[in-house]
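Peer 1: build me a model:
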Amino acid sequence: MDVKRLFLIFYLLFSTSLLSAQTSISGLVKDSIGDPVAGASVTIVDKDGAGIVFEKTDQKGIFNCRYQNSSTELSIKITALGYQQSIVPLAGGPDEKYVITLKKVARQLQEVVIKSNSKILLSSDTLKYSVKAFTDKNDRVIADLIGRLPGIQVDEKGAISYNGKRIDNVYIDGDNLLSGKYRLATNNVPVGAVEQVQVIERDQPIKALNGYVVANNVSLNLKLTDSARTMTINTGYIGLGNKAYSAELNNLIFQQKLKGINNLKTNNIGENLETENADIGLSVNGNEINLRSPKPYISMQNETLPAVAEQYYLMNNDNAANINTLFKFKTDWSLRLNISTLQLKRKNRFNNLLNYFLPGADTISYDEAQNSTFKLNQWQVQAQIEKNSNSIYLRSVTRADLPKWDRIGNTAQNGQSFKQNQPSSYSSLSNETNLVKALGVNNILQYNSLLQYYKLNEALTILPGIQENVVNDSIGYLKLDQQVRTRNVFINQSVTYKTKFDQFILSGALGISYEWNTLNSGLYKTDSSQVTRPVGTQFNNDIAFNNLSFFGKVSAIYLFEKGSSLSIEASPTYSFIHYTGQKPPASGKNAWFLPKPIVEFRKKIGKYAESNFRFSRQTEFGQVNDIYPGTMLVNYRQFNLNDAPLPKTDISSMGLRYAYRKPLKMLFYNLGFNYDRTKQNFINAYTLDSGLTRSVAIDFKNRADRYALNANLSKYLFFLSVNVSASGNLSLQKGNSFYNGQISPYHSYIINLSGSVRRKVFSKATVSVTADAGKFINEQKISGGAVTKNSTDFEKIKAEWQHNLNEQLLYGVSYKFSWYKQSLQNPVANHFIDFNVIYTPAKWRSYFELNGINLINQGVYKQVFSNSNQLSVFQMPLRARMFLLKYAFTF
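Peer 2: Purely as a prediction, here's the structure:
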């Protein structure tokens with residue numbers, strides 16, 4: 001055997017032994033939202049950190065490494081620009097597959113591309129608005145600024161949207177102090193305490209769920225200045241005017257381990273403190289089950305509100321106190337306390353002429369006038385303990401709600417005068433607990449629990465008695481009294497298991513839900529001899545309602561390249577509903593199997609755009625308030641009862657959305673289309689007579705369709721220094737109405753266009769104009785195929801001028817105009833002019849402000865409302881011209 005052949009045999013033997021001593025590992029590198037990380041450096045290192053093998057991930061984030069077997073402890077080190085370094089021990093066997101998730105970090109390289117004087121910075125999925133770049137001299141709290149930021153909209157209730165999408169939470173330096181009550185932050189945090197307003201476009205605050213959910217929530221974060229983090233901020237003001245007062249004290253603490261917003265407020269100038277304390281956001285906690293909210297059965301029938309700002313008509317005496325404190329501890333633990341009270345008094349006066357145009361019948365009219373006083377005494381206490389780490393998440397919230405209303409008033413209907421008294425008390429105690437625990441590398445276990453008990457007591461007393469022909473054989477009597485008591489217990493428990501591999505996220509859940517609800521009601525009359533007795537058994541209700549459901553949930557999410565995803569979900573539910581009452585129509589036992597599918601596809605288009613498709617089919621069942629058979633007086637001119645099976649509502653929804661945002665160009669726009677089909681096994685049939693309405697829910701296959709198209713645009717025009725925004729909405733709704741024994745199909749069209757322009761005329765003056773126009777069209781078919789049609793046109797304009805005369809003195813003037821034209825009525829116009837002047841003495845930390853409201857002293861608000869078969873002419877007195885001098889201070 002020659003030397004070459006020996007060398008070849010030796011080489012083959014050596015190569016084989018070498019290959020047999022090698023180990024192969026492969027895996028996937030992705031970020032926290034599931035996007036693959038291409039070009040990441042993958043290094044096999046020994047225990048001293050020395051590199052053995054070097055590779056890079058491909059375009060799909062996949063790597064494959066071969067290395068020599070060794071007894072030395074080895075690890076995988078992953079590094080990539082813009083991500084935290086990750087080191088994972090090699091603990092698996094040969095051919096082990098690894099899925100490694102990298103956390104993004106703020107990359108200085110991204111931000112230095114943008115000039116230092118830029119108004120907007122972009123870092124990953126967080127958009128950062130410079131507060132200093134957008135602030136005006138007369139901005140006092142951060143709410144004054146937020147509504148002017150490009151791409152952000154704020155509605156009349158203070159709810160915030162970004163590029164057409166509702167904001168879920170407002171954080172303060174990354175901490176959730178208020179959940180859905182974020183107006184307490186935006187209305188009280190001084191604008192000078194905030195460095196940046198940050199939009200988190202895919203907010204997923206639960207660390208243990210990173211990589212297991214496709215975040216689709218948008219939140220705001222108020223990044224504070226360094227000085228605000230080191231001191232306690234105390235502010236306040238006191239204001240007095242012509243029969244007007246307003247005052248508040250605020251205590252703000254924004255330390256790293258302790259945050260708090262505490263305040264006292266009082267006013268009678270039309271500032272609605274109930275709105276400021278309302279839940280307008282959504283707490284993202286991984287639990288899709290919400291607390292039950294009671295549905296009041298009775299009212300004094302004055303729900304109509306003017307379509308103008310509350311400061312022009314709200315006759316109030318509002319008092320509020322809030323304590324909101326967050327304590328942060330080591331090891332990711334935190335404790336939050338939210339305590340609030342509202343003491344409100346409201347005076348309401350209105351006149352309303354309501355006309356019903358019924359097929360084949362004469363017009364039925366109600367001429368109503370009411371003068372009433374509402375008082376609210378409300379307490380709310382909430383305590384939350386939370387641990388939020390990468391391996392475990394625990395959140396337990398205990399909440400108590402105790403509102404008590406007392407409503408009294410004088411009412412006249414079609415010439416008949418009477419007094420009303422409607423007290424109601426509500427109490428609710430609940431606990432929500434959510435637990436997420438990581439099981440190894442790619443699995444988690446989640447537990448959700450909700451427990452709630454509430455009771456609601458209502459009463460409506462009317463004297464002298466009304467509707468004699470219905471309740472007292474057409475004989476006059478002294479008093480009518482409707483009593484209603486409801487109790488509710490709600491329990492929901494579920495366990496969810498999630499796992500992920502490659503580009504899939506799979507989830508399965510099992511749960512049980514139980515709801516017990518009772519209704520007791522009765523109608524009583526007091527005759528001329530002061531004897532009180534029940535009106536009759538047909539006006540009584542004594543019902544127990546039970547709903548036991550076993551449910552599951554399965555979902556699969558596939559993560560495509562570049563952030564796109566497909567989600568398919570089904571929530572099969574088996575429900576046992578049993579209710580018993582005093583007569584056969586209120587008894588039943590039913591069982592249903594419901595798949596409840598949801599399909600959602602999200603597609604990232606380039607760097608700046610995203611499209612979204614969503615389809616869902618849900619089924620909702622009625623509650624006690626939908627099946628009670630005994631007649632109930634729900635207000636002074638309406639009786640309700642039910643003569644139908646358990647209401648069942650199937651809702652099929654489809655939505656398409658395209659959103660584009662190019663922050664550095666300050667360009668934002670979105671387009672959306674929604675379609676909803678609602679199928680019900682009942683319809684509310686109304687029987688109207690002069691001064692009386694009877695409503696009966698009856699068995700009927702009822703279907704309604706709704707189509708909606710909307711668009712929003714926001715752009716800052718640099719060459720003109722102008723911020724422009726516009727929006728449009730078009731919707732069509734088709735359904736049926738049932739009045740006086742006849743079913744009438746109807747079509748309802750709504751068209752709405754709005755826009756705003758804001759520009760600095762020169763360095764110290766700014767002008768802004770907002771315009772809104774729309775049209776409501778209602779068409780209804782009547783017997784013989786004829787169609788009745790009515791329409792309402794409206795226009796609104798708001799113009800503001802702000803001028804800083806010097807460093808100490810500035811003023812502003814605003815003009816508001818609204819115009820309504822109903823097709824059967826003369827047009828109605830409303831005009832308002834307001835002003836404010838602010839003077840800040842040199843070197844003072846306080847300032848003086850003079851406000852003037854409704855300078856032209858418009859005394860009456862009038863508006864015309866219409867729909868498919870109604871026409872309402874509504875009038876309400878407005879607040880008189882008001883002047884208020886305020887002294888604001890910091891201490």
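
Peer 1: make sure residue 405 is actually in contact with residue 423.
Peer 2: Yes - using CB atoms under 8 Å, residue 405 is in contact with residue 423, at 6.8 Å. The C-beta positions use only the backbone N, C-alpha and C, and glycine is treated the same way.

Peer 1: so where do the strands sit in the stretch 351-500 of the chain?
Peer 2: Using DSSP state E, counting those that start in this stretch, the strands found in the stretch 351-500 of the chain span residues 364-388, 392-413, 416-438, 443-463, 479-501.

Peer 1: ok, residue 223 to residue 273 distance?
Peer 2: 28 Å (CB to CB, to the nearest Å).

Peer 1: give me the more crowded residue out of those two.
Peer 2: residue 273 (22 against 18; other CB atoms under 10 Å).

Peer 1: out of the strands of the stretch 351-500 of the chain, which is closest to residue 216?
Peer 2: strand 479-501 (16.7 Å; CB to CB).

Peer 1: partners of the closest one in the sheet?
Peer 2: Take DSSP bridges as the rule and strand 479-501 pairs in its sheet with strand 443-463 (antiparallel), strand 504-526 (antiparallel).

Peer 1: which parts of this protein belong to which domain?
Peer 2: Domains of the chain are assigned by automatic domain parsing as 20-102, 108-233, 741-891.

Peer 1: which SS class is residue 133?
Peer 2: helix (DSSP: H, G, I helix; E, B strand; the rest coil).

Peer 1: residues contacting the closest residue to it other than its chain neighbours?
Peer 2: Spatial nearest neighbour of residue 133, excluding adjacent residues (CB to CB, 6 or more residues apart in numbering): residue 119 at 3.9 Å. Residues near residue 119 by CB atoms under 8 Å, 6 or more residues apart in numbering: 129, 130, 133, 134, 666, 716.

Peer 1: centroid-nearest residue for the chain?
Peer 2: Nearest to the mean C-alpha position of the chain, by CA atoms, centre = their mean, lies residue 281 at 4.0 Å.

Peer 1: spatially nearest residue to that residue (excluding sequence neighbours)?
Peer 2: residue 180 (3.8 Å).

Peer 1: and the one you found, that one's in a strand?
Peer 2: No - according to three-state DSSP, residue 180 belongs to no strand; its state is coil.

Peer 1: that one contacts residue 290, correct?
Peer 2: No - between residue 180 and residue 290 there is no contact under CB under 8 Å: 11.1 Å.

Peer 1: who's more crowded, the two?
Peer 2: Remark: of residue 180 and residue 290, residue 180 carries more neighbours, 15 against 12, as counted by other CB under 10 Å.

Peer 1: ok, the more buried one to residue 859 distance?
Peer 2: 37 Å.

Peer 1: any chance of TSV for the strands paired with strand 479-501, columns mean pLDDT?
Peer 2: Formatted as TSV, those follow (pLDDT from 0 to 100):
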stretch	mean pLDDT
strand 443-463	96
strand 504-526	95
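
Peer 1: OK, contacts around residue 76?
Peer 2: Residue 76 neighbours (CB under 8 Å, 6+ apart): 25, 27, 42, 43, 44, 45, 65, 87, 88, 90, 98, 100.

Peer 1: for the residues you listed, which one is nearest residue 366?
Peer 2: Looking across the contacts of residue 76 and measuring by CB to CB, the closest to residue 366 is residue 100, at 69.4 Å.

Peer 1: what strand or helix carries that closest one?
Peer 2: strand 97-102 (DSSP states H and E).

Peer 1: counting contacts, what elements does that strand pack onto?
Peer 2: When contacts are defined as 3 or more CB pairs under 8 Å, 6 or more residues apart in numbering; DSSP states H and E, strand 97-102 packs onto strand 22-31, strand 74-79, strand 86-89.

Peer 1: which one of these has the poorest average confidence?
Peer 2: For the helices and strands packed on strand 97-102, the weakest mean pLDDT is recorded on strand 22-31, namely a mean of 78.

Peer 1: would you mind pulling up the elements that that one packs against?
Peer 2: Using 3+ CB pairs under 8 Å, 6+ apart, strand 22-31 sits against strand 62-68, strand 74-79, strand 97-102.

Peer 1: go again with 10 Å.
Peer 2: Contact partners of strand 22-31 among helices and strands, from 3 or more CB pairs under 10 Å, 6 or more residues apart in numbering; DSSP states H and E: strand 41-46, strand 51-56, strand 62-68, strand 74-79, strand 97-102.

Peer 1: could you give the mean pLDDT of stretch 481-489?
Peer 2: pLDDT averaged over stretch 481-489 gives 97.

Peer 1: next, the buried residues of stretch 680-689.
Peer 2: 680, 681, 682, 683, 684, 685, 686, 688 (16 or more other CB atoms under 10 Å).

Peer 1: list the contacts of the second one.
Peer 2: To tie it back to what came earlier, the one meant is residue 681. Counting by CB atoms under 10 Å, 6 or more residues apart in numbering, residue 681 makes contact with 622, 644, 645, 646, 647, 648, 649, 650, 699, 700, 701, 702.

Peer 1: what about the third one, neighbour count?
Peer 2: Residues lying near residue 645 (other CB under 10 Å) number 16.

Peer 1: three-state assignment of it?
Peer 2: coil.

Peer 1: pLDDT score for it?
Peer 2: 81.

Peer 1: distance of it from residue 621?
Peer 2: 11 Å.

Peer 1: returning to what we had before: possible to save the helices and strands packed on strand 97-102 as CSV with distance to residue 145?
Peer 2: CSV is the format used below for the helices and strands packed on strand 97-102 (distance: least, CB to CB, whole Å):
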stretch, distance to residue 145
strand 22-31, 32
strand 74-79, 39
strand 86-89, 39
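
Peer 1: tell me which of those strands lies nearest to residue 760.
Peer 2: Nearest to residue 760, of the helices and strands packed on strand 97-102 and by CB to CB, is strand 22-31 at 40.3 Å.

Peer 1: can you list the buried residues in the closest one?
Peer 2: In strand 22-31, counting by 16+ other CB under 10 Å, buried: 23, 25, 27, 28, 29, 30, 31.

Peer 1: contact partners for the closest residue to the third one other than its chain neighbours?
Peer 2: Residue nearest to residue 27 in three dimensions, not counting chain neighbours: residue 98, with 3.3 Å by CB to CB, 6+ apart. Residue 98 makes contacts with 25-29, 42, 63, 76, 78, 88, 90-92, 441-442, as judged by CB under 10 Å, 6+ apart.

Peer 1: can you pick out the most distant pair from the residues you listed?
Peer 2: 42 and 442 (18.5 Å).

Peer 1: neighbour-wise, which of those two wins?
Peer 2: Higher neighbour count among residue 42 and residue 442: residue 42, with 23 against 16, using other CB under 10 Å.

Peer 1: the more buried one against residue 78, yeah?
Peer 2: Yes - Residue 42 is within contact range of residue 78, at 5.9 Å (criterion: CB atoms under 10 Å).

Peer 1: any common contacting residues for these two?
Peer 2: 27, 29, 57, 63, 98, 100.

Peer 1: residue 664 belongs to a strand?
Peer 2: No - counting by three-state DSSP, residue 664 falls outside a strand, being helix.

Peer 1: per-residue confidence at it?
Peer 2: On the pLDDT scale, residue 664 gets 81.

Peer 1: I'd like the distance between it and residue 128.
Peer 2: 12 Å.

Peer 1: what does residue 104 give?
Peer 2: On the measure of CB to CB, residue 104 and residue 128 end up 15 Å apart.

Peer 1: quick one, which of these two is more surrounded?
Peer 2: residue 128 (22 against 18).

Peer 1: chain neighbours aside, what residue packs nearest to the more buried one?
Peer 2: Per CB to CB, 6+ apart, closest to residue 128 is residue 121, 4.2 Å.

Peer 1: before we move on, what about residue 616?
Peer 2: residue 598 (4.5 Å).

Peer 1: ok but that neighbour is inside a helix, no?
Peer 2: No - applying three-state DSSP, one finds residue 598 to be strand, outside a helix.

Peer 1: appreciated, that's everything.
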